[in-house]
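Novice: Quick check, what structure comes out for this input:
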Amino acid sequence: MSRCLLGDPVRYDGETKRNAVVSDILSTRFELVPVCPEVEFGMSIPREAIELQGNPETPRLIGLESGTDFTDGMQTWCRERVKKLEMENLHGFIFKCRSPSCGLIFQEQYRGLFARTFMDAFPGLPVTDEEGLANPEWREKFIARVSNHRENC
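Specialist: Below you'll find the model as predicted:
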């Protein structure tokens with residue numbers, strides 16, 4: 001799951017996006033494996049904001065202040081991290097919405113670089129983001145899908 005949702009101050013601005021559903025409810029039912037692509041890739045806290053630009057199928061990850069293109073390094077990191085996550089026996093994943101690395105949808109046309117790599121590697125794994133978990137009906141369906149995945153592995 002995206003580490004910032006647990007309350008760790010890993011966002012670009014040093015803030016947190018603690019999510020009570022994740023940290024208070026799901027953490028009692030599941031073992032959570034936190035991931036922060038930017039920090040694990042080596043970006044500092046705080047750091048410049050980044051965004052996806054260009055073709056939605058092959059976007060570039062660009063620093064907004066410096067214009068630095070982080071795409072190639074981040075994609076390499078994503079592939080390596082996903083290989084490590086394959087050893088974790090995952091049954092679901094919760095992404096940070098509207099994130100250039102973890103967003104299932106970013107700027108209405110992109111999928112975050114890590115989210116894309118992860119979902120390509122784990123095509124049948126239940127995934128959601130914190131906005132999906134905010135809906136009690138969707139949250140229960142996600143929990144059921146994760147539980148079902150765990151029972152069938």
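
Novice: so where's this protein shaky on pLDDT?
Specialist: For the chain, not a single residue meets the criterion pLDDT under 70.

Novice: ok, which stretches of this protein are helices?
Specialist: 20, 27-29, 37-41, 71-85, 113-121, 130-134, 136-151 (DSSP state H).

Novice: which other residues reach the second one?
Specialist: Taking Cβ atoms under 8 Å, 6 or more residues apart in numbering as the criterion, the residues outside helix 27-29 that touch it are 6, 143. Heads up, the C-betas are built off the backbone N, CA and C, glycines and all.

Novice: just the third one next, same as before
Specialist: In this structure, residues lying in contact with helix 37-41 by Cβ under 8 Å, 6+ apart are 3, 10, 12, 45, 47, 50, 70, 73-74, 77-78, 81, 101-102, 113-114.

Novice: Among these, the buried ones, what's the ChimeraX command?
Specialist: Those of the contacts of helix 37-41 that meet the burial criterion (16 or more other Cβ atoms under 10 Å) are gathered into one ChimeraX selection, given here:
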select :3,10,12,47,50,70,74,77,78,81,101,102,113,114
